[in-house]
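> turn this into a structure:
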Amino acid sequence: VLLSHSSEAMVEGHSVHRVATFHRQRLIGKKFNAWSPNGRFSEGAKAISGKVFTRIEAVGKNLFAFFGGSNEPMVLHIHFGMAGNWAVYDTDKSVPAPVPSKTNRLRLEEMTGGKTIGSVLVADLSAMTLQHGTMSLYEGKREKLGEDPLREDADPERLWTRVEKSKKSIGALLMDQSYFTGPGNIYRAEILFKAGIH
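Numbers count the residues shown, from 1 in each chain. Model (predicted):
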């Protein structure tokens with residue numbers, strides 16, 4: 001049974017936050033057998049396999065998933081690109097998960113007691129960017145991203161100080177993820193139209 005999927009053309013920041021919210025409810029606190037159906041993320045899958053999915057965080061169009069203990073978690077950096085997808089299925093023997101597609105870079109299969117059980121959650125991830133590493137990966141990526149208006153830690157004053165000093169047009173700044181992280185071309189066009197800026 002398909003519980004959720006995130007396939008949207010030109011995934012914008014609000015869509016990534018929605019994926020994070022859903023996966024926070026369904027996947028956090030569970031342990032997964034991880035493997036790479038198309039072989040393009042075998043090393044990363046091995047690094048997180050058997051570890052508890054402890055945290056998920058959206059920053060603009062970027063998604064960060066944390067596996068393992070809080071001291072040295074393994075971190076996945078995910079950017080869906082134009083047509084990425086992270087689908088979750090509730091499966092059992094009568095309703096198995098679908099056969100992985102050629103673009104499926106990571107499959108997570110719920111585990112109990114170290115063994116895959118009969119009725120499990122299965123999550124299939126396809127994404128333009130999928131990296132794994134330690135907290136330094138997260139910290140390095142986060143440092144380069146600007147203010148996400150959907151996050152509680154967004155700082156409008158800090159953003160405005162940078163915007164005032166920039167020589168770029170406001171349209172260009174809205175698309176610059178180091179200033180405004182999350183908006184894509186659709187939101188840029190709508191925001192400028194509503195503001196009467198052409």
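
> tell me which residues in the longest helix anywhere in the chain are buried?
When secondary structure is assigned using DSSP state H, the longest helix within the chain turns out to be helix 13-26. Taking 16 or more other CB atoms under 10 Å as the basis for neighbour counts, the residues of helix 13-26 that come out buried are 13, 15-20, 22-23, 26. All C-beta spots, glycine's among them, are computed from the backbone N, C-alpha and C.

> likewise stretch 84-104?
With burial defined by 16+ other CB under 10 Å, the residues of stretch 84-104 counted as buried are 84-89, 91, 97, 100, 103-104.

> tell me the bridge partners for the most centrally placed residue in the chain.
Per CA atoms, centre = their mean, the C-alpha nearest to the average position across the chain is that of residue 63, at 2.5 Å. Beta-bridge partners of residue 63, counted by DSSP bridges, are residue 58, residue 78.

> now it: how far from residue 75?
Using CB to CB, to the nearest Å, one obtains 11 Å as the distance from residue 63 to residue 75.

> hey, where'd the helices end up in this structure?
Taking DSSP H as the criterion, the chain contains helices spanning 13-26, 42-48, 135-144, 156-165, 170-175, 185-194.

> okay, those helices in TSV with distance to residue 125 next?
Output for the helices of the chain, formatted as TSV (distance: least, CB to CB, whole Å):
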stretch	distance to residue 125
helix 13-26	10
helix 42-48	10
helix 135-144	17
helix 156-165	31
helix 170-175	26
helix 185-194	24
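
> which one of those lies nearest to residue 36?
Ranking the helices of the chain by distance to residue 36, with CB to CB as the measure, places helix 42-48 first at 4.6 Å.

> now the closest one: buried residues?
The neighbour-count check on helix 42-48 (16+ other CB under 10 Å) flags 44-45, 47-48 as buried.

> and what of stretch 63-70?
Neighbour-count burial for stretch 63-70 flags 63-68 (criterion: 16+ other CB under 10 Å).

> please apply the same query to stretch 140-148.
Of the residues in stretch 140-148, those buried by neighbour count under the rule 16+ other CB under 10 Å are 141, 145-148.

> what about that stretch, start to end distance?
With CA to CA, to the nearest Å as the measure, the ends of stretch 140-148 fall 16 Å from one another.
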